[in-house]
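*Asks:* My questions are about this predicted structure, shown below with the sequence.
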Amino acid sequence: MSAQRTSFGKLERDRNKKARAAAKRERRQGRASESDAAPEDSGSTANSSRADSAEVLEHLAAIHERFEEGAISYEELEERKAELLARLEID
């Protein structure tokens, strides 16, 4: 008896898995190169990130108020909230 050949579906899943792994590897390498290029003065960066965080939180509170007033839909609230939280830096 001969061995069963790999199905097209399995080959496609393997290709997709390798493509996702390559994309993830590229993102990690991009982040590593960005952190290498970061300025050495971390004191001013920390102050600016705190200011940015405060600004993001203010915007977040504002969109929640607009949602409670009925000015925006739940979907729009979630979309804007996701955008703001992506900008928020967590230490």
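*Replies:* Cool, got the structure.

*Asks:* quick one: low-confidence parts of the chain?
*Replies:* For the chain, the stretches flagged by pLDDT under 70 are 1-3, 33-51, 89-91.

*Asks:* And the helices in it?
*Replies:* Assignment of helices within the chain using DSSP state H yields the ranges 8-36, 42-69, 74-87.

*Asks:* Next, format these as CSV and append mean neighbour count.
*Replies:* All C-beta atoms are positioned from the backbone trio N, CA, C, and that covers glycine. As requested, the helices of the chain are exported to CSV (neighbours: other Cβ atoms under 10 Å):
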stretch, mean neighbour count
helix 8-36, 10
helix 42-69, 12
helix 74-87, 12
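
*Asks:* do you know how far Q29 is from A86?
*Replies:* 20 Å (Cβ to Cβ, to the nearest Å).

*Asks:* Ignore what I typed, I meant R5.
*Replies:* 44 Å.

*Asks:* same deal with G9?
*Replies:* For G9, the distance to A86 - Cβ to Cβ - is 34 Å.

*Asks:* ditto for R13
*Replies:* Using Cβ to Cβ, R13 is found at 29 Å from A86.

*Asks:* A61 too?
*Replies:* If you go by Cβ to Cβ, the gap between A61 and A86 works out to 17 Å.
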